[in-house]
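Trainee: How does the following fold in three dimensions:
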Amino acid sequence: MRRTHFKLTAALVAAPTLLLGAGALTAAPAHAATARNGVCETGEFCLYYNSNEAGSLSDFSTSISDYGATQPSCYDFKGPGNGKGLCVKNNAASVWNRTGKTVTVYYNSGYAGASQKFASGAKGNLNSTLKNNNASHRIGAAPASVHGIDVSDNNGTMNWASQYSSGVRFAYVKATEGSTWTDPTYSRNYKGARNAGMIRGAYHFANPAGASGKVQADWFINHGGAWKADGYTLPGALDVEGTCYSKTPAAMVSWIKAFVAEYKAREGRTPVIYTNRSWWQDCTGNSTAFHSSALWFAHPGTLGTLPGGWGKQTIWQYAVTNNLDQDRFNGSAAALKSFANNS
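Mentor: This next block holds a predicted model:
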C-alpha cells in the first residue's frame, strides 16, 4: 500500500516472531518442545546447513512465512557445526521433520513458488531447486486463502494477464489520496484487473491532516471508490498509516468514524480498513470501535497480533515482492466472491 512517493512504513518491517495472534494461518506444533535451541526435538521441523542432516541446524515448532535475510533479525542456524549463526534463508540443504504433520518447504517467502513436501518423520535432502533456495515452510495443510495484490501509480504499467496467470485472483487499486488527488493509473489498473478475470476494489490513502473524513470519503466515492453488488467489486478500503498527523487518538478515531459513516451511508457497505499494528496503537490508542469494518492487516513475515481487538484479518498484506505488495484473503475463492457481493 503506497501513498504518492510512500513505501511500506518502517514500523511494518518487524523482526520474525513466534507470537501468533487470532486468525493466524500457522499450524500448532504436534508436541511441546524447547523452541530455537539448536536441538531437533519431537514436535519440531529442522533445517540443516549441510546435506544428509549434517552441520548446524535450526529448529522450528511453527510455520514461518519468511526466514529473513539479514542478521540480527533473521532466523539463523543454532546448533553446533558448519553454518552456525548464518541465516537459514537460502542456506539449507536438508531437513528432519519431527512434527507429526507433513511440512512443505517453499522457494519464495509467503509460502509461494516451487515447493517440496516432507512427510511426518521424514529425513531428506532438499531437491536441486530448493537446496540453498529455501525462503519459507508450512507445517500441515494450507488453510484456504486467495492470493491478491495492491497497486498504485508507483507500480507503473501492470501486466494484469501475467499476474492472473501467476495465481493472483484479486486486487486493490489506489484511486485517491486526501481530498484533491487522484491516481493517474487508477482507471487503467481497475479495468485491467477486471478484464484479466480478477475481483477488484479501490482504496483511498487517508490524509487526516487535511479535509474531514466525510469530505475525503465523498472524494473517494466520486473518483472510483463506489461499490456495487455485482460479485466482482470489493468494498472500498481506507488506508491509514504513516504518521498520526498531529492528531490525538480521540481525534483520529473521530476522523475515521466520519469517513466510515459517510461511506456506509452512500454505498451501503462498511469500508475495509487497512492499517498496521504500530500505527493503530499509536494513533488511535488501539481503538476497538471499528469491528464492523473488515481488517486489512499489513505485517510482513508472520501474521502477529492483530490490532484493536479484531478477531481476524480479512486480508493480510504479508510481503513486498519486486516492489509489489502481496496479499492473502482469509478464506476460499467462493468466500472472496461472497465478500465482494456482501452475501
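
Trainee: May I see the buried residues of stretch 218-231?
Mentor: 218-221, 223-227 (16 or more other C-beta atoms under 10 Å). Backbone N, C-alpha and C define where each C-beta goes, glycine included.

Trainee: And the strands in the stretch 1-150 of the chain?
Mentor: Ranges of strands in the stretch 1-150 of the chain, per DSSP state E, counting those that start in this stretch, are 45-50, 54-60, 94-97, 103-108, 112-118, 123-125, 136-139, 146-151.

Trainee: will you turn those into a markdown table that also has distance to Ala340?
Mentor: Formatted as a markdown table, the strands of the stretch 1-150 of the chain follow (distance: least, C-beta to C-beta, whole Å):
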| stretch | distance to Ala340 |
| --- | --- |
| strand 45-50 | 36 |
| strand 54-60 | 36 |
| strand 94-97 | 38 |
| strand 103-108 | 27 |
| strand 112-118 | 23 |
| strand 123-125 | 42 |
| strand 136-139 | 27 |
| strand 146-151 | 11 |
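
Trainee: nearest to Asn189, of those?
Mentor: Closest to Asn189 of the strands of the stretch 1-150 of the chain is strand 146-151 (C-beta to C-beta; 5.5 Å).

Trainee: Put the alpha carbons of the closest one into PDB.
Mentor: Listed next in PDB are the C-alpha coordinates belonging to strand 146-151 (Å, rounded to 0.1, in the frame of the first residue of the first chain):
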ATOM      1  CA  VAL A 146      -6.700 -16.400  -2.100                       C
ATOM      2  CA  HIS A 147      -3.700 -14.600  -3.500                       C
ATOM      3  CA  GLY A 148      -4.000 -10.900  -4.200                       C
ATOM      4  CA  ILE A 149      -2.000  -7.700  -4.800                       C
ATOM      5  CA  ASP A 150      -2.500  -4.000  -4.300                       C
ATOM      6  CA  VAL A 151      -1.100  -1.400  -6.700                       C
END
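
Trainee: Adding distance to Trp160 and pLDDT, write the buried residues of stretch 218-231 out as a markdown table.
Mentor: A markdown table is the format used below for those (distance: C-beta to C-beta, whole Å; pLDDT from 0 to 100):
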| residue | distance to Trp160 | pLDDT |
| --- | --- | --- |
| Asp218 | 29 | 98 |
| Trp219 | 26 | 98 |
| Phe220 | 22 | 98 |
| Ile221 | 24 | 98 |
| His223 | 21 | 98 |
| Gly224 | 17 | 98 |
| Gly225 | 20 | 98 |
| Ala226 | 21 | 98 |
| Trp227 | 21 | 98 |
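
Trainee: Among these, which pair sits farthest apart?
Mentor: With C-beta to C-beta as the measure, no two of those lie farther apart than Trp219 and Trp227, at 15.4 Å.

Trainee: got a list of what the residue nearest to His204 when sequence neighbours are not counted touches?
Mentor: Excluding the flanking residues, the one nearest His204 by C-beta to C-beta, 6 or more residues apart in numbering is Phe220, at 4.0 Å. Counting by C-beta atoms under 8 Å, 6 or more residues apart in numbering, Phe220 touches 175-176, 202, 204, 236, 263.

Trainee: Gly85 too?
Mentor: Counting by C-beta under 8 Å, 6+ apart, Gly85 has contacts 56, 71, 76-77.

Trainee: Could you identify the buried members of those residues?
Mentor: 56, 76-77.

Trainee: mind checking the SS state of Asn222?
Mentor: Three-state assignment for Asn222 (DSSP: H, G, I helix; E, B strand; the rest coil): helix.

Trainee: and the helix or strand of the chain with the lowest mean pLDDT, what does it pack onto?
Mentor: When the helices and strands of the chain are compared on mean pLDDT, DSSP states H and E, strand 112-118 comes out lowest with a mean of 92. On a contact count with 3 or more C-beta pairs under 8 Å, 6 or more residues apart in numbering; DSSP states H and E, strand 112-118 meets strand 103-108.
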